[in-house]
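[1] A predicted structure for the sequence below; I have some questions about it.
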Amino acid sequence: MTESRKKGELSKTAQSYCEQWMKEQIYGTRKEIYSKYMEKGIQMEDEAISMVETNYEYPFLFKNEKYFENDFMTGTPDIILPDMIRDTKCSWDCFSFPLFDTELDKGYYWQMQGYMGLTDRPSASVDYCLLNTPEDLDKFALDYSECEMKYRVKSFAVEYDADAVQRIYNRVEDCRDYIKSKLG
């Protein structure tokens, strides 16, 4: 959702994303993205959901497996409640945990707007969790299990913004126009 420096043009970031997507369509394959940071999030997702459940005293949270899509976006939020969605993020270590941050990362803000638009929920929360890193990913990982919960879970609330969702739709239309101009 970055804005271009030139009015009426897609940002370089959006252009790169569109070009990668076009290559995936042309060649019939997806670009594999792997990092130990993403792997930790995948491996620790259930534990992060349990941590949110305990910290916010929910009776029982279930991992959402339902995939949502409309004409403009797709997504699978981690947790869907009657009045909100929650999405967990597993920090790699205490140095990447947003303990002192006061604002949510802009990319996650847009992700939550998309999820709220897809699920028709009025609010969302991004819940960062500081969990021990599995040894197969980092044999020198620190142990955070003795730290107080207030230093291991940090949540950012996001309220639904219809104008923001419309901006997503507009950007998708801009991307479609860009792709058309490249592919003809």
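    Arrived safely, thanks for sending.

[2] which residues of this structure fall in helices?
    Along the chain, the stretches classed as helices by DSSP state H are 12-27, 36-43, 45-55, 106-119, 162-183.

[3] among those helices, which is nearest residue 131?
    Taking C-beta to C-beta, helix 45-55 is the member of those nearest to residue 131, at 5.7 Å. Where C-beta positions appear, they are placed from N, C-alpha and C, glycine not excepted.

[4] what's the closest one packed up against?
    In terms of contacts (3 or more C-beta pairs under 8 Å, 6 or more residues apart in numbering; DSSP states H and E), helix 45-55 is packed against strand 85-91, strand 123-130, strand 153-159.

[5] need the outlier residue of this structure, farthest from its centre.
    Distance from the C-alpha centroid of the chain peaks at residue 184, with 32.1 Å (C-alpha atoms, centre = their mean).

[6] quick one: that residue and residue 26, what's the gap?
    For residue 184, the distance to residue 26 (C-beta to C-beta, to the nearest Å) stands at 13 Å.

[7] pLDDT at the closest residue in space to residue 145 that isn't next to it in sequence, what is it?
    Nearest non-adjacent residue to residue 145, counting by C-beta to C-beta, 6 or more residues apart in numbering: residue 132, 6.3 Å away. The score at residue 132 is 97. That number is its pLDDT.

[8] so residue 132 makes contact with residue 140?
    No. In this structure residue 132 lies outside contact range of residue 140 using C-beta atoms under 8 Å: 11.8 Å.

[9] more crowded one of those two?
    For residue 132 versus residue 140, neighbours defined as other C-beta atoms under 10 Å are more numerous around residue 132 (15 against 6).

[10] quick one: residues contacting the more buried one.
    141, 142, 143, 144, 145 (C-beta atoms under 8 Å, 6 or more residues apart in numbering).

[11] how about residue 88?
    Residues in contact with residue 88 (C-beta under 8 Å, 6+ apart) are 45, 48, 49, 51, 52, 78, 79, 127, 128, 129.

[12] how near is residue 81 to residue 91?
    Per C-beta to C-beta, residue 81 is found 23 Å from residue 91.

[13] compare these two (neighbour count), which wins?
    With other C-beta under 10 Å as the criterion, residue 81 and residue 91 differ in neighbour count, and residue 91 comes out ahead with 23 against 17.

[14] with adjacent residues omitted, what lies nearest to that one?
    Nearest non-adjacent residue to residue 91 (C-beta to C-beta, 6+ apart): residue 97, at 3.9 Å.
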